[in-house]
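>>> let's see this in three dimensions:
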Amino acid sequence: MKHVPQITPQEAAAFVKDGDTLLQGGFGMTGNPVHLMHALAETDTKNLTFIGNNVGEPGLGGGRLLRNRQIKKMIGSFFTSNPEAVKAAQNGDVEYELIPQGTLAEAVRAGGAGIGGFYTVTSAGTEIAKGRETKIINGKEMVFVPGIRGNVAFIRAWKADTAGNLQYRMTEQNFNRAFATAADLVIAEVEEIVAVGEIAAENIHTQGCYIDYLVQAHTTLEELGSSGSVSKSKVVSEKRMNMAKRALAELQKGEVVNLGIGIPTLVADLITEEHGIILHTENGMLGVGPVPEDGGGAMDYPVNAGKIPVTALPGTSYFDSTDSFAMIRGGHIDTAVMGGLQVDEAGNLANWAVPGEPLLGVGGAMDLASGAKKLIITMMHTERDGTSKIVPVCDLPLTALKSVDVVITDLAVFSYIDGKLTLTEVMPGATLEEVREKTAAKFIEDLS
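Numbering: from 1, shown residues only. A predicted model of the protein is given here:
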């Protein structure tokens, strides 16, 4: 049986050379190889190309490398959660490339499997697809994405045996499983190292043939950043809660539903066992329950896509990001509820970028908008200055083309009936005249 050497974080960091491409597992600070990243931050290694879902929070994980100016280019799906990353990108201090979350996961899986690339409908017709090869496949425009590999991968697992077999904990599989396959040198940071045979064969998630070195390191709550605990105080306006209640009314018993961050997250607080709705979160969980009442954090509970600790309902399952997005792209998610910046008469959605604003992340929105069977958008009807967010044609960067089925705002509910934007309901406290006045798009009225 192979024996994988155990080394220190400092010895691991020494394997990374100037100019290397570094893959880092983790989703937010959960399943993040924070000790390896912090050891690397103590070196003089620079000009790194960093690949991960996000760089981490300011001063933590990859965020520490960014602060040290060790990163030349960052490639990932969501950097908005780190203001320092947004500022560095906007000032031109660091190069960056945004890739939809599911596309990133699949590109790394392809790289690790020796596959040159793949075509996906995700991002077709958007800014993200500019400069990429496209092709019509089965009547749909698809974008070609090459496989991704790195020189070194830092990943995080819960347990390893001395042969390098890894077991992950709850939602900590995320990007770690794919990243373990796609680098010339793979170093796994783990909480515990045990003898061969102590991890049941069916519980091994990453096989030892992928792992070159093991580092044992214990994570503290402080190193998990915002995922460390749950805030019990949450003040929600009546308008936002009305929108969440109306979105819940669109969901059917037995549906698999993905809820985005913002207003859609409120829907989760309203779902009861009687609703029979199965919640999916793209970082690798099916069967999401409410936030823990004891205030426990990510050391005790799985986390959702908002990096918030949640409970697991009976029948819950965990998986990695590649499997999660295979569910999404494969049409196995019945309904997605997400926020929006603009929706237009054709059902096009813009919800990830505003030119000049501190937003630097597309996350899983493009995958969900193009992959879910039904897409519900919840958003305020107007901007703060009164500008309509339901417009004739979106002028913000697009998320997906002709994807929206229902729009729920604080003033109204619209559906696309026979492809036409149709007002079907006026929300409590609003009037038909107000809806007409504050909607820039042309729409049909069907309030029967």
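
>>> now the helices for the chain?
Using DSSP state H, the helices found in the chain span residues 9-13, 34-41, 62-67, 83-90, 101-112, 176-179, 238-249, 263-270, 321-329, 365-371, 432-438.

>>> may I have the distance across stretch 172-183, first residue to last?
19 Å (CA to CA, to the nearest Å).

>>> show me which helix or strand of this protein is least confident by mean pLDDT.
helix 263-270 (a mean of 87; mean pLDDT, DSSP states H and E).

>>> export the helices of the chain to TSV and tack on mean neighbour count and distance to K389?
No exception for glycine: its C-beta is placed from N, CA and C like everyone else's. Converted to TSV, these look like this (neighbours: other CB atoms under 10 Å; distance: least, CB to CB, whole Å):
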stretch	mean neighbour count	distance to K389
helix 9-13	20	47
helix 34-41	24	38
helix 62-67	24	32
helix 83-90	18	23
helix 101-112	27	24
helix 176-179	30	36
helix 238-249	17	13
helix 263-270	20	13
helix 321-329	23	25
helix 365-371	29	16
helix 432-438	14	9
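
>>> of all these, which lies closest to E141?
helix 365-371 (10.4 Å; CB to CB).

>>> and the closest one, how far out from the chain middle?
Distance of helix 365-371 from the chain centroid (CA atoms, centre = their mean, to the nearest Å) equals 11 Å.

>>> got it, and stretch 391-407?
Relative to the centre of its chain, stretch 391-407 is centred 20 Å away, using CA atoms, centre = their mean.

>>> before we move on, what about stretch 281-288?
On CA atoms, centre = their mean, the centre of stretch 281-288 falls 11 Å from that of its chain.

>>> and for stretch 408-426?
28 Å.

>>> tell me which residues are up against that stretch.
239-240, 242-243, 246-247, 250, 345, 347, 376-381, 389-390, 404-407, 427, 430, 432, 434-435, 438-439, 441-447 (CB atoms under 8 Å, 6 or more residues apart in numbering).

>>> what's the least confident helix or strand of the chain packed up against?
Here helix 263-270 touches helix 238-249, strand 256-259, strand 335-339, going by 3 or more CB pairs under 8 Å, 6 or more residues apart in numbering; DSSP states H and E.

>>> now distance to F50 and mean pLDDT too, for these, in JSON lines please.
Output for the helices and strands packed on helix 263-270, formatted as JSON lines (distance: least, CB to CB, whole Å; pLDDT from 0 to 100):
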{"stretch": "helix 238-249", "distance to F50": "35", "mean pLDDT": "94"}
{"stretch": "strand 256-259", "distance to F50": "27", "mean pLDDT": "96"}
{"stretch": "strand 335-339", "distance to F50": "27", "mean pLDDT": "96"}
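
>>> tell me what angle the least confident helix or strand of the chain forms with helix 238-249.
Computed by axes from the mean of the first three to the mean of the last three CA atoms, to 10 degrees, the angle separating helix 263-270 from helix 238-249 equals 70 degrees.

>>> residue contacts, the nearest residue to L104 once chain neighbours are set aside?
The spatially closest residue to L104, leaving aside those adjacent along the chain, is S77, at 5.3 Å (CB to CB, 6 or more residues apart in numbering). By CB under 8 Å, 6+ apart, the contact set of S77 is N53, N54, L98, I99, P100, Q101, T103, L104, G361, V362, G363, G364.

>>> now with 6 Å?
Contacts of S77 were listed using CB atoms under 6 Å, 6 or more residues apart in numbering, and they are N53, I99, P100, Q101, L104, V362, G363.

>>> tell me the pLDDT of the residue nearest to the second one when sequence neighbours are not counted.
Read it as I99. Closest residue to I99 apart from its sequence neighbours, by CB to CB, 6+ apart: S77 at 5.7 Å. With respect to pLDDT, S77 scores 94.

>>> next one: S229
58.

>>> ok, now the one 4 residues further on?
Looking at S233, its pLDDT is 54.

>>> what residues does stretch 139-153 touch?
By CB under 6 Å, 6+ apart, stretch 139-153 touches 16, 20-23, 103, 107-108, 110-111, 115-117, 119-121, 123-124, 129, 132-135, 179, 182-186.

>>> shouldn't L375 be in contact with A336?
Yes. Between L375 and A336 there is a contact under CB atoms under 6 Å: 5.4 Å.

>>> before we move on, back to that, now the buried members of the contacts of stretch 408-426.
The neighbour count (16 or more other CB atoms under 10 Å) marks 239, 242-243, 246-247, 250, 345, 347, 376-381, 389-390, 404-407, 427, 430, 435, 438-439, 441, 443 as buried among the contacts of stretch 408-426.

>>> and of the helices and strands packed on helix 263-270, who's closest to R64?
R64 lies closest, by CB to CB, to one member of those: strand 335-339, at 30.2 Å.

>>> given that closest one, what are its sheet partners and their directions?
Sheet pairing here is set by DSSP bridges, and for strand 335-339 it gives strand 256-259 (parallel), strand 374-378 (parallel).

>>> now distance to T281 too, for these, in TSV please.
Shown next, in TSV, are the strands paired with strand 335-339 (distance: least, CB to CB, whole Å):
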stretch	distance to T281
strand 256-259	7
strand 374-378	17
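
>>> just so I know, which of those strands lies nearest I328?
Once the strands paired with strand 335-339 are compared by CB to CB, strand 256-259 is nearest, at 7.3 Å.

>>> ok, and what's touching the closest one?
For strand 256-259, the external contacting residues (CB under 6 Å, 6+ apart) are 251, 265, 267-268, 277-280, 333-337, 368.

>>> list the contacts for G361?
By CB under 6 Å, 6+ apart, G361 lies in contact with F78, F79, T80.

>>> could you rerun that using 10 Å?
53-54, 76-82, 85-86, 98, 101, 352-353 (CB atoms under 10 Å, 6 or more residues apart in numbering).

>>> neighbours around the residue nearest to it when sequence neighbours are not counted, how many?
Distance criterion CB to CB, 6+ apart; nearest residue to G361, sequence neighbours excluded, is F78 at 3.5 Å. Neighbour count of F78, defined by other CB atoms under 10 Å: 26.

>>> contacting residues for F78?
By CB under 10 Å, 6+ apart, the neighbours of F78 are 27-28, 52-55, 85, 98, 100-101, 104, 305, 352, 359-365.

>>> give me phi/psi at the residue nearest to I99?
Backbone geometry at S77, expressed as degrees, to the nearest 10, gives phi -110, psi -20.

>>> what of G295?
phi 80, psi 10.

>>> the one 5 residues further on too?
According to degrees, to the nearest 10, the main-chain angles of D300 amount to phi -110, psi -20.
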